[in-house]
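**Student:** just the structure for this:
(2 chains)
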2 protein chains.
Amino acid sequence: MAVIALDIGGTKIASAVCMPDGSMLFARKRLLQGRTGTAVGTLLTEQLTNLLAAARRHGIVVDAVGVCVPGIASSQTGRVWAPNIPGWEDYPLEQELRAATPLPVYIESDRTCYLSGEMWQGAAKACHSAVFIAVGTGIGAGIVVDGRFLHGAGDIIGATGWMALQSPYQEAYAACGCFEYYASGNGIGARAREAVGADKTYRGVLRRKRVARLTAHDVFAAYQAGDPLAGEILGKAIKLWGMAAANLVSLLNPQKIIWGGGVFGPATRFLDDIYQEACRWAQPISIRQVEFVASQLSGHAGLTGAAYLAIRQTQEAPLVHPQPFT
Amino acid sequence: MAVIALDIGGTKIASAVCMPDGSMLFARKRLLQGRTGTAVGTLLTEQLTNLLAAARRHGIVVDAVGVCVPGIASSQTGRVWAPNIPGWEDYPLEQELRAATPLPVYIESDRTCYLSGEMWQGAAKACHSAVFIAVGTGIGAGIVVDGRFLHGAGDIIGATGWMALQSPYQEAYAACGCFEYYASGNGIGARAREAVGADKTYRGVLRRKRVARLTAHDVFAAYQAGDPLAGEILGKAIKLWGMAAANLVSLLNPQKIIWGGGVFGPATRFLDDIYQEACRWAQPISIRQVEFVASQLSGHAGLTGAAYLAIRQTQEAPLVHPQPFT
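**Tutor:** The predicted model follows:
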């Protein structure tokens, strides 16, 4: 059986027909080019319709559609919240796709799709319990336990960036969460701007750029050049990555934690340090049952994961509409 | 259909035949009276055999056996780790019970059984996603998400007492975990002994007892009497209960968090304060989707929960042996 996979990003839509062996046919990318709201939905539906036609011309039977969205997909309503697409605060995506095809449509958050991709073709093969921590501008996690992707009451699973790790509370955490404040891409950049601004005696490499323009990328470059301030900022992030991972391990007892997103990337070199920090905090048996690994899929994780979710869902009872437990 | 429920505690075994409406027949309790190892297993098997015979005499068809254990049950091996029963470090409980009956046997940790009981007859009725936080001498949690009880790689789900909440790390956390250090029954007692011992000028009610004998119970009584030191210790615990709950909410997006165990109990009066503290830290949408409530089942939660797990498991595909996700 084949499925159609659609991966919506903040700037583009990737799409393909995906075969059961993982090979992708008719793969293409379309830039959003400033599209918003229903125009993004129309572009997506066009991609779907084109792929359905291409599959039909080649005699390929398509059984389902998997969609990766950059935000939260409600399994109850089929509506999507995608903060980077204007007009997608509460977009009826499932309804729109169902109007274009009678096939089953499965919509999932990007973090869940990344994990799905890693389980199929990447770092979490043969795992039944794993967490994918995506550290980019923000921090989120996809979670699978006992072979099932978790959704929760409102499908807001894995809002990891809000983890409370550093008592006492500071008002500065209110906008993004305590963990993100220190250890996301945005957080690392902001902490660098703050530190360089505050320390007038500092003459390191981070001073060579305008303070207001410093990013996490600059901090990693400065660390590479031996800059002590960058070392401090990343040292703090390593502590919090370790604590957050420890909490996931103590609560969920996963087999693997997969680190991905733009920051892992360069922070992958710290995986041993992060594991050592986690060992200090976590349940001592569970921490020995888990491996910390880097993501193995790069740009195509969302598309691969969306395809695999659709393949899995058509092979078993649907999971996306959990029923009350009565 | 009826099931047999067995609830093993540190000092007793409770048992009953449980009918589908929740009524318990032939309920009895046997004290362990210092039994250890296989003697506990023998007592348990006797209870099971007696109940099977009683059911048979009354023409009641029993379909399954549910067992609540004070520790961790491995779903892979059927072996049990129960720290309060000497000789049960790796006890082959499932094998022993299977030798006594051909019926399906489902063994679960006490924390998962408590949650199961609350979902059937208590504070979590009609929930598909909920967490039971048991705060007694230690802290553990049972977790259900999307209608399924979580197990994880080694069935060590919900080792909540190990949550990292207070950077930087202190060696004192190594024995029990950071959250337990401040906010378990044992932790509250130990912090009181420490504080009274350290403050020679303190003349409050906690001074009236020998320092080495102070317990969480004394701290709650002193708080009730307006003692400021008790207020400080419980104030710290409230902050950590709030942070830990916030983390569960941000990660798992549950519909309810149910607070139980000996400490809740007297700490139930603080549920509003704990929720307010959690609101400062948690993912802002998820925290509005959750309710914090007190456990509604008292002494029979383990037995009720074990019965319901057995009833549910016989009604659907078994969940206790998760397969690798391939």
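**Student:** for A:Gly66, helix, strand, or coil?
**Tutor:** strand (DSSP: H, G, I helix; E, B strand; the rest coil).
**Student:** for it, what are its contacts?
**Tutor:** Residues near A:Gly66 by C-beta atoms under 8 Å, 6 or more residues apart in numbering or on different chains: A:3-6, A:106, A:108, A:113, A:305-311, A:313. (C-beta placed from N, C-alpha, C; glycine too.)
**Student:** the helix ranked longest in chain A vs helix B:228-252, what angle?
**Tutor:** As far as residue count goes, and with DSSP state H defining each element, the longest helix of chain A is helix A:228-252. Direction vectors for helix A:228-252 and helix B:228-252, defined by axes from the mean of the first three to the mean of the last three C-alpha atoms, to 10 degrees, enclose an angle of 80 degrees.
**Student:** quick one on the thing from earlier: so among the contacts of A:Gly66, where is pLDDT lowest?
**Tutor:** Within the contacts of A:Gly66, A:Gln313 has the lowest pLDDT, namely 83.
**Student:** give me phi/psi at it?
**Tutor:** Torsion angles at A:Gln313 (phi, psi; degrees, to the nearest 10) stand at phi -70, psi -30.
**Student:** surely it meets A:Glu108?
**Tutor:** No. In this structure, A:Gln313 is not within contact of A:Glu108 by C-beta atoms under 8 Å, at 9.7 Å.
**Student:** rewinding a little: the contacts of A:Gly66 in helices, which ones?
**Tutor:** The helices, defined by DSSP H, take in A:113, A:305-311, A:313 from the contacts of A:Gly66.
**Student:** can you flag the buried ones in those residues?
**Tutor:** Listed as buried from those are A:113, A:305-311, A:313; burial here means 16 or more other C-beta atoms under 10 Å in any protein chain shown.
**Student:** checking the closest residue to chain B within the stretch 51-200 of chain A next. Helix, strand or coil?
**Tutor:** For the stretch 51-200 of chain A, the residue positioned closest to chain B under C-beta to the nearest C-beta is A:Gly152, at a distance of 2.9 Å. The assignment at A:Gly152 comes out as coil when based on three-state DSSP.
**Student:** can you pull the pLDDT of the closest residue to it other than its chain neighbours?
**Tutor:** On the basis of C-beta to C-beta, 6 or more residues apart in numbering or on different chains, the spatially nearest residue to A:Gly152 that is not a chain neighbour turns out to be B:Asn253, at 2.9 Å. We have a pLDDT of 98 for B:Asn253.
**Student:** next: A:His300.
**Tutor:** pLDDT, A:His300: 87.
**Student:** do you have the helices of the stretch 101-250 of chain A handy? List them.
**Tutor:** Along the stretch 101-250 of chain A, the segments classed as helices by DSSP state H, counting those that start in this stretch run A:110-121, A:178-183, A:185-198, A:216-224, A:228-252.
**Student:** so what strands line up beside the helix or strand following the longest one?
**Tutor:** This means helix A:228-252. Counting by DSSP states H and E, the element after helix A:228-252 in chain order, helix or strand, is strand A:256-260. Using DSSP bridges, the neighbouring strands of strand A:256-260 in the sheet come out as strand A:130-135 (parallel), strand A:291-294 (parallel).
**Student:** now do the first one against helix A:185-198, angle only.
**Tutor:** Angle of strand A:130-135 versus helix A:185-198, following the same axes, to 10 degrees, is 40 degrees.
**Student:** for A:Gly305, see how far away the residue nearest the centre of chain A is.
**Tutor:** In chain A, the C-alpha nearest the mean C-alpha coordinate belongs to A:Arg111, at 3.0 Å (C-alpha atoms, centre = their mean). Going from A:Arg111 to A:Gly305 by C-beta to C-beta, to the nearest Å gives 9 Å.
**Student:** okay, the residue lying farthest from the centre of chain A and A:Gly235: tell me how far apart.
**Tutor:** Among the residues of chain A, the one whose C-alpha is farthest from the average of all C-alpha positions is A:Thr201, by C-alpha atoms, centre = their mean at 38.5 Å. A:Thr201 is 20 Å from A:Gly235, where distance means C-beta to C-beta.
**Student:** how about A:Glu171?
**Tutor:** Counting by C-beta to C-beta, the gap from A:Glu171 to A:Gly235 is 24 Å.
**Student:** looking at the two, which is more packed in?
**Tutor:** For the pair A:Glu171 and A:Gly235, the greater number of neighbours falls to A:Gly235 (13 against 7), based on other C-beta atoms under 10 Å in any protein chain shown.
**Student:** pop the domain breakdown of chain A in here.
**Tutor:** Chain A breaks down into these structural domains: A:2-119+A:299-315, A:125-294 (assignment by automatic domain parsing).
**Student:** quick check: which of the ones you listed is nearest to B:Ile257?
**Tutor:** Closest of the domains of chain A to B:Ile257 is domain A:125-294, at 11.3 Å (criterion: C-beta to C-beta).
**Student:** need the contact partners of stretch A:31-45.
**Tutor:** By C-beta under 8 Å, 6+ apart, the surrounding residues in contact with stretch A:31-45 are A:6, A:8, A:10-13, A:30, A:67, A:85-88, A:91, A:93, A:96-97, A:99-100.
**Student:** drop anything exposed from these.
**Tutor:** Buried residues within the contacts of stretch A:31-45, defined by neighbour count using 16+ other C-beta under 10 Å: A:6, A:8, A:13, A:67, A:85, A:88, A:91, A:93, A:96-97, A:100.
**Student:** and the closest residue to the residue nearest to the centre of chain A other than its chain neighbours, bridged to which residues?
**Tutor:** Distance criterion C-beta to C-beta, 6+ apart; nearest residue to A:Arg111, sequence neighbours excluded, is A:Gly142 at 4.0 Å. Beta bridges link A:Gly142 to A:Phe132, judged by DSSP bridges.
**Student:** can I assume A:Gly142 is in contact with A:Ser116?
**Tutor:** Yes. The pair A:Gly142 / A:Ser116 is scored as a contact, 7.4 Å apart, by C-beta under 8 Å.
**Student:** now list whatever residues contact both of the two.
**Tutor:** Common neighbours of A:Gly142 and A:Ser116 (C-beta under 8 Å, 6+ apart) are A:Phe149.
**Student:** can you give me how far stretch A:40-56 is from the chain middle?
**Tutor:** Offset of stretch A:40-56 from its chain centre (C-alpha atoms, centre = their mean, to the nearest Å): 25 Å.
**Student:** same check on stretch A:285-303?
**Tutor:** On the basis of C-alpha atoms, centre = their mean, stretch A:285-303 is displaced by 12 Å from the centre of the chain it belongs to.
**Student:** so for it, what gets flagged as buried?
**Tutor:** In stretch A:285-303, residues buried by neighbour count (16+ other C-beta under 10 Å) are A:286-287, A:289-290, A:292-293, A:295, A:297, A:300-303.
**Student:** list the contacts of the residue in the stretch 201-326 of chain A that chain B sits nearest to.
**Tutor:** Of the residues in the stretch 201-326 of chain A, the one nearest chain B is A:Asn253, at a distance of 2.9 Å by C-beta to the nearest C-beta. With contacts defined as C-beta under 8 Å, 6+ apart, A:Asn253 is in contact with A:129, A:283, A:286, A:289-290, B:151-157, B:159.
**Student:** distance to A:Ile258 added to those residues, as a markdown table?
**Tutor:** Formatted as a markdown table, the entries for the contacts of A:Asn253 read as follows, by distance: C-beta to C-beta, whole Å:
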| residue | distance to A:Ile258 |
| --- | --- |
| A:Ser129 | 12 |
| A:Gln283 | 20 |
| A:Ser286 | 17 |
| A:Gln289 | 15 |
| A:Val290 | 11 |
| B:His151 | 20 |
| B:Gly152 | 16 |
| B:Ala153 | 14 |
| B:Gly154 | 19 |
| B:Asp155 | 22 |
| B:Ile156 | 20 |
| B:Ile157 | 19 |
| B:Ala159 | 21 |
